[in-house]
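*Asks:* using only what follows, build the 3D model:
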Amino acid sequence: MDQEKLREKFNPDGSQLRKQQMRMLEILKEVDRICKKHHIQYWLSSGTLLGAARHKGFIPWDDDLDIEMLLPDYRRLMKILPEELPDNLALQNVKTDPNYFFFYAKVRDRNSFLAESNHYDRVWKERGIYIDIFPFYKQPLWVHLLSEKTHGHVYKIMNRMGDGNKGLWKVRLITRFNRFIIHPLLKVLCKLCHARETYGLGIPYHDPRLMEDILPLTEMEFENMRFPVPKDTHKVLTLKYGDYMKLPEITEFHPHVDELRID
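*Replies:* Residues are numbered from 1 along each chain as shown. You can find the predicted model right below:
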């Protein structure tokens, strides 16, 4: 199926999904502007990178947008974004939202409402359309898996809570325990190891990224603009997806959104 037919089927102009994609693109453009201003490196990742390589834009059925950066750049960006973002955008991380428990950040649009299918966002302060920002650094897989294990209890508690908030104090406690005790200890272990892979502690994804495939960055077209991507996009995508140019079956599509309102 060619690109025009895919667009017509999944995200034609004026559709709710296309409006969401365009709002995510607006957020990305603002983050890109700030990163360039402050000489912060980032790159398109995961399905967003796949969309750039295969579709020169969003995967037609995709409803999220991911970027990655190294941990030192991430830390700098977390300090800069609250001062630089326009009023219609908000930074969401463990510091800005007391009930947020992901160890990566989101930049949220304040002129929309989005309810995700996993319902984790029901206790968060900001609930608009967003893009994800992931921090990465070198660590062996076993360290990353340990960080997934120590933080995995949070997801179990959230799932048991249903639509209520009973047990939310446990979520906050575990998140802070990992942030201030477990993760600093694991970072010490990371420094003692000679790992090629890059992951982010506590982030529930463990497909590896190899630094030699990522830096120095290059650029690729995405929605009629050019954004930073890894130097060897083919290797990065093959490592994650295998034959990434092959379109998946329709049964493999998993939307993230239950409810969406765009002002």
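
*Asks:* look up how far residue 124 lies from residue 118.
*Replies:* Residue 118 sits 12 Å away from residue 124, going by CB to CB, to the nearest Å. Just so you know, the C-beta spots here come from the backbone N, C-alpha and C atoms, and that holds for glycine as well.

*Asks:* tell me which of the two has more neighbours.
*Replies:* residue 124 (17 against 12; other CB atoms under 10 Å).

*Asks:* would you map the strands across this structure?
*Replies:* Secondary structure of the chain, counting by DSSP state E: strands at 43-44, 66-70, 89-92, 105-109, 112-116, 130-138, 197-199, 209-210, 218-222, 225-229, 257-262.

*Asks:* figure out which of these is closest to residue 17.
*Replies:* With respect to residue 17, and counting by CB to CB, the nearest of those is strand 257-262 at 8.6 Å.

*Asks:* report the angle between the axes of that closest one and strand 112-116?
*Replies:* 180 degrees (axes from the mean of the first three to the mean of the last three CA atoms, to 10 degrees).

*Asks:* what's the angle from strand 257-262 to strand 105-109?
*Replies:* In terms of direction (the same axes, to 10 degrees), strand 257-262 departs from strand 105-109 by 40 degrees.

*Asks:* give me the sheet partners of strand 257-262 and which way each runs.
*Replies:* Paired with strand 257-262 in the same sheet, following DSSP bridges, are strand 112-116 (antiparallel).

*Asks:* send me the partner strand as PDB with only the CA atoms.
*Replies:* Extracted in PDB, the C-alpha atoms of strand 112-116 (Å, rounded to 0.1, in the frame of the first residue of the first chain):
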ATOM      1  CA  SER A 112      -6.000  19.600  24.700                       C
ATOM      2  CA  PHE A 113      -7.000  16.600  26.800                       C
ATOM      3  CA  LEU A 114      -5.800  13.100  26.300                       C
ATOM      4  CA  ALA A 115      -6.700  10.000  28.300                       C
ATOM      5  CA  GLU A 116      -4.500   7.000  27.700                       C
END
